[in-house]
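I need the structure of the sequence given here:
(one chain, ligands or ions: 1)
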Amino acid sequence: MRRGIFVSIEGIDGSGKTTLREELIAYFEMKTEVVGIREPGGTEVSEKIRGLLLDISNHSMVPRTEALLYAAARSQVVEELIEPALADGKMVIADRYLDSTIAYQGYGRGLDLQFLEQLNILCTGGLLPDLTLLLDLDPGLARSRVSFRKMDRMEGEGLFFQERVRRGYLDLFARQPERIRLLDASMSREVLFEQAIAMISEMV
Ligand code: TYD
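Predicted structure coming up:
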C-alpha cells in the first residue's frame, strides 16, 4: 500500500492554524481518509502531558522540563497515531509538530538548538512531514485574535516571546524551503485555504 501524506501546520499563537486545520480536514475527508492531530495532545497520554504544559499554575516549570515534556507527548503521538496512519495510506494533518519545539523552546526560550534537533530526532525516529505550512503573522495582530479567550501558560508569554518564535520559524523556512511553505496569515481565510489546498494537492 502507498504510504500516506503527512502535512503539518505551524505558526505563532493566534496565527489561524486551528481554523485552517479544520477546513483542510473537512475538505480532504471528501477524498481520502484523514487523521487530524493537534500537538501537544492527540492521544490519552499526550493529552495528560498537554494539561501539565499549558496549566498556568505551573509557573516554576524550567525550559528543559518543558522541552522534554513536548518531546514526550510527541513520541507518544508519533508511535500511536502518526506512523500507523501513514502506513495505512492515510493523510495526516497535524496542528504543530517538531518545528514548534525549535521555534518555541529554541528561539523563544533560548535552549540550545542542536540539543533540540537531537531531541526531535529521538522522539520522532526522524519522521519529518512531507509538507509544512507555515502561517506567518505579525505577533501584534495575532495577539488581537487570541485576546478574547483565556490565555494558557504559553500564550501568556507576551509579544517579545512571540517575536522570537516568529523569527525562529522564518529561520527554519530559510533553511528548509523544500519542506516548509510560507503563507501570509493576514490574508483572508478563503485565500489562505485555497493556497493551502493548492500546495497540498501538488503532493497528492
Ligand atoms: P495550543 O492550544 O495548541 O496553541 P495553538 O492553538 O496556538 O497551537 O497550545 C500549544 C502551545 O504549546 C502553543 O503556545 C505552542 C506551544 N508549543 C511549544 O512551545 N513547543 C512545542 O513543541 C509544541 C508542539 C507546542
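
when you work out contacts or count neighbours from here on, use the C-alpha atoms and nothing else.
Noted.

show me which helix runs longest in the protein.
Determined from DSSP state H, the single longest helix within the chain is helix 159-175.

hmm, the least confident helix or strand in the chain by mean pLDDT in reach of the ligand?
Lowest by mean pLDDT, DSSP states H and E among the helices and strands of the chain is helix 139-146, with a mean of 89. No. Helix 139-146 lies apart from the ligand when judged by C-alpha under 6 Å from any ligand atom; the minimum separation is 8.7 Å.

re the thing from before, state the mean pLDDT of the longest helix of the chain.
Helix 159-175 shows a mean pLDDT of 97.

for the next helix or strand after it, buried residues please.
Note on helix 159-175: by DSSP states H and E, the next helix or strand toward the C-terminus is strand 180-184. Across strand 180-184, burial judged by 16 or more other C-alpha atoms under 10 Å covers 180-183.

next one: stretch 20-36
Buried residues in stretch 20-36 (16+ other C-alpha under 10 Å): 20-21, 23-25, 28, 34-36.

same thing with stretch 35-50?
Buried residues in stretch 35-50 (16+ other C-alpha under 10 Å): 35-43, 46-47, 49-50.

let me know the closest of the buried residues of strand 180-184 to residue 7.
residue 180 (10.0 Å; C-alpha to C-alpha).

name whatever forms a beta bridge with the closest one.
residue 132 (DSSP bridges).

which ones are touching it?
Going by C-alpha atoms under 8 Å, 6 or more residues apart in numbering, residue 180 touches 131-134, 172-173.

ok but residue 150 is inside a helix, no?
No. Counting by DSSP: H, G, I helix; E, B strand; the rest coil, residue 150 is not part of a helix but coil.

OK, contacts around the residue nearest to residue 155 when sequence neighbours are not counted?
If the residues on either side of it in the chain are set aside, residue 155 comes closest to residue 13, at 6.6 Å by C-alpha to C-alpha, 6 or more residues apart in numbering. Applying C-alpha under 8 Å, 6+ apart to residue 13 gives the contacts 142-143, 146, 155, 162.
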